[in-house]
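**Student:** this one's sequence-less:
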DNA sequence: CGCTCTATTGATAAACCTCAAATACAGTGG
DNA sequence: CCACTGTATTTGAGGTTTATCAATAGAGCG
């Protein structure tokens, strides 16, 4: 992978509104209800009946599961422009995950009935959702494979590179991950502990691969991370 | 979970032909080409362009990925009545996994073009495929969560219970897992090593929870496994 | 400043992998 | 039936990775 390939906008692959024209897009959004969600607020709970689905206009959600012992696993992040819980609404089932705002977030919420109606009016939407689901299946299969075969540090490196791809911004001193990201967040995403993440990032900071403050990470040597994963 | 709930036929949830009548079903199968695949034969390779998709009439396939270092991870098994590679064909992409026959297996293969045509003639098929994909997403998300939060022995227990659900047969002395299943197979499915699996199964055999010969496992005390996972 | 949340670091222990070697078993051909 | 071969399984010793626990420091905020 080339250094210049690192910052790529993958969001288009996940766009629910792909191939809708501006008018249709406006109508779609208008049917939903805009909502402001404060940092650390739970939008919906795993197990609750799926009443609404959400589109993120600004900010970020975390979709996670909690196992019996209360340990939390992050299944994915939902960034700006992405949709959450559409499948649960379509299946008319319960939410299979819990959604938490990771910062102050603005969403558009559709009631189940309205969303189904909209899908009938715009058949392109369910097609787009299918694409999104397939991408997410691919993503989780990749991460499953990595979890099975790679050690923690490799997975941390891969995760930083992944974040760079979805929300990396090149600046003079490196690539900024433009979303608050604590050691704990990383640990839950990767399947390790906050201690191991901290140790690893400290080491890499000493090596000059990254710089980092609280919840902020700047990758100064992405190439080093790339070769580390190989 | 009750002891009597353990043997359940989950296959219906994954049936591509759901809601097709006998005639349609016959036509569908007839359009494909029957094929006998010997044990240990590769049906398709990860990375190859997806030319065909397959339906398993008899036997079992293993879908796996190999990472850069050659370590193999089993993503799922495809049992009798299930379909493989439909998504790759629909997406007109490459196979994302490798398919290997785990025993002598009979499949029906459709050429890409034929399969697309059939889906147009029977719109119920893509709907069913969507359901299947969602089930598989759910499955891998569960296993991802388990991999993150549980220790090896718990995951082994869960896996045995999972196999019981898909191919368990109750007999006088316990529930037979009716498919050849080596320690190696289990290890690749769970994300551990053959040694750890062997040690664990030996221990459980001493405890009287299971009995086992080469590639054959009989769960004599499923309840013990269930409470072990809790 | 005091409070809370986040991050760091060290010591220790547990879980699990790696490697080596032995054994058991299944299938084959004489 | 037996010997032979290759595969599958078992077991032990030893080492590595990573989790756990405890203690401390820093950052941000009212």
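**Tutor:** Thanks, I have the structure now. Since this is a predicted model, take the numbers as computed values, not measurements.
**Student:** so which elements touch the helix or strand where residue A:35 lies?
**Tutor:** Assessed by DSSP states H and E, residue A:35 sits inside strand A:33-37. The criterion is 3 or more Cβ pairs under 8 Å, 6 or more residues apart in numbering or on different chains; DSSP states H and E, and the helices and strands that strand A:33-37 contacts are strand A:105-111. All C-beta atoms are positioned from the backbone trio N, CA, C, and that covers glycine.
**Student:** now check the helix or strand just after the strand it packs on, is it near chain B?
**Tutor:** Beyond strand A:105-111 on the C-terminal side, the first helix or strand identified by DSSP H and E is helix A:112-121. No: judged by Cβ under 8 Å from any Cβ of the partner chain, helix A:112-121 makes no contact with chain B; its nearest approach is 12.8 Å.
**Student:** same deal with stretch A:77-87?
**Tutor:** Yes: applying Cβ under 8 Å from any Cβ, one finds that stretch A:77-87 is in contact with chain B at residue A:87.
**Student:** spatially central residue for chain A, please.
**Tutor:** Averaging the C-alpha coordinates of chain A gives a centre point, and the residue nearest to it by Cα atoms, centre = their mean is residue A:77 (2.0 Å).
**Student:** and it, bridged to which residues?
**Tutor:** Counting by DSSP bridges, residue A:77 forms beta bridges with residue A:62.
**Student:** and it, how far is that from residue A:188?
**Tutor:** Here the criterion is Cβ to Cβ, to the nearest Å. By it, residue A:77 lies 11 Å from residue A:188.
**Student:** swap in residue A:179?
**Tutor:** Here the criterion is Cβ to Cβ. By it, residue A:179 lies 15 Å from residue A:188.
**Student:** likewise residue A:54?
**Tutor:** With distances defined as Cβ to Cβ, the gap from residue A:54 to residue A:188 amounts to 21 Å.
**Student:** tell me which of the two has more neighbours.
**Tutor:** For residue A:54 against residue A:188, the residue with the higher neighbour count under other Cβ atoms under 10 Å in any protein chain shown is residue A:54, and the figures read 24 against 21.
**Student:** three-state assignment of that one?
**Tutor:** Judged by DSSP: H, G, I helix; E, B strand; the rest coil, the three-state class of residue A:54 is strand.
**Student:** same deal with residue A:57?
**Tutor:** strand.
**Student:** surely it touches residue A:104?
**Tutor:** No: if you go by Cβ atoms under 8 Å, residue A:57 and residue A:104 don't touch, sitting 11.7 Å apart.
**Student:** other SSEs contacting the longest helix along chain A?
**Tutor:** Looking across chain A with DSSP state H, the single longest helix is helix A:124-149. Under the contact criterion of 3+ Cβ pairs under 8 Å, 6+ apart, the helices and strands touching helix A:124-149 comprise strand A:72-79, helix A:86-91, helix A:112-121, helix A:152-167, strand B:72-79, helix B:124-149.
**Student:** DNA strand C is nearest to which of these?
**Tutor:** Comparison of the helices and strands packed on helix A:124-149 against DNA strand C by Cβ to the nearest atom of the strand identifies helix B:124-149 as nearest, at 10.0 Å.
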